[in-house]
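Asks: Here is my input; please provide its structure:
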Amino acid sequence: MKMFLDTADLVEIEKWLSRGILDGITTNPSILKKAGVTEPMAAWKEIIALINTNSDQSLSLSVEVFCDEPDKMLDQARGFVKELNYAGTTIKIPILGIDGADRLAVIRSLSQDGIAVNCTACVTWLQAFAAAKAGARYVSLLYRRMIDVGLDARYMISKTRELLGEHQLGAEIIIGSIRKAEDVFDAYEAGGHIVTIPTKFMPEILFHQKSVDTQEQFLRDAGVIQ
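Replies: Sure thing, here's the model as predicted:
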């Protein structure tokens, strides 16, 4: 079970890296836009600097290509990896292009180059399974987007986990599109290896009133509070 942070907000990234609980950071064009990023490469380099300062490991950093044509995706992905020069760089490639065609050949080519790929925008177990077979290191299933179109998100996750094990594929399942704190728990329980969590839910998933009540009792018994 791993925990990624779904943001490009440098303040939040540093805050949660300092807690020592993160295994990675995920970004995409929408996340970068929300964070006010106008120079993605510069932002990614700042995130890497924060990881290097706050961790003794090369945590995964997902960066997404900004084009849709296969040849351009390959060129851009390889360029990102070269310029970032960071062991944890993971390239996000969507399972489908806007033309509806699969992008499995792109995933396979990058994987054969030794580049870690996070296949994103998966909403069915078959998409995720195909991406893993093509060589993706991570397959991202979008939890709430699956629910939006009437799919059983928990089943999609558990079926993917079953197939990865059955076929001895080394890919890990990332669950994204988290819109409620309870989604985090549901995604892990369904079999997700990783949940990438928006920063606003981090305090909520760590909080429980009973924990607060217990500490209050301890302090009262210690005479610290009345």
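Asks: Please, where are all the strands along the protein?
Replies: Here the chain has its strands, by DSSP state E, at 2-6, 24-26, 60-64, 89-94, 116-122, 138-142, 172-176, 194-197.
Asks: Quick one: closest of those to Ala101.
Replies: strand 89-94 (10.8 Å; Cβ to Cβ). C-beta here means a position set from N, CA and C on the backbone, and glycine is covered the same way.
Asks: Which strands or helices does that closest one pack on?
Replies: Using 3 or more Cβ pairs under 8 Å, 6 or more residues apart in numbering; DSSP states H and E, the elements in contact with strand 89-94 are strand 60-64, helix 70-84, helix 104-112, strand 116-122.
Asks: quick one: contacts of that strand?
Replies: Residues from elsewhere that reach strand 89-94, judged by Cβ atoms under 8 Å, 6 or more residues apart in numbering: 24, 26, 28, 60-65, 73, 77, 80-81, 103, 106-107, 110, 115-121, 136-138, 140.
Asks: and what of stretch 23-42?
Replies: Where contact means Cβ under 8 Å, 6+ apart, the residues beyond stretch 23-42 that reach it are 2-10, 13, 43-44, 47, 51, 59-64, 66, 80, 83-84, 88, 90, 92, 118, 120, 174, 176, 194, 196.
Asks: list the buried ones in it?
Replies: Buried residues in stretch 23-42, counted by 16 or more other Cβ atoms under 10 Å: 23-28, 31-32, 35, 37, 40.
Asks: from the residues you listed, which is closest to Asp221?
Replies: Closest to Asp221, out of all of the buried residues of stretch 23-42 and judged by Cβ to Cβ, is Asp23, at 37.2 Å.
Asks: State the pLDDT value of the closest one.
Replies: The per-residue pLDDT reported for Asp23 equals 98.
Asks: Next one: it from Asn52, what distance?
Replies: According to Cβ to Cβ, to the nearest Å, Asp23 stands 15 Å off from Asn52.
Asks: Same check on Thr27?
Replies: From Thr27 to Asn52 the distance is 17 Å (Cβ to Cβ).
Asks: and what of Tyr143?
Replies: From Tyr143 to Asn52 the distance is 30 Å (Cβ to Cβ).
Asks: Which one's more surrounded, the two?
Replies: Between Tyr143 and Asn52, counted using other Cβ atoms under 10 Å, the more crowded position is Tyr143 (28 against 14).
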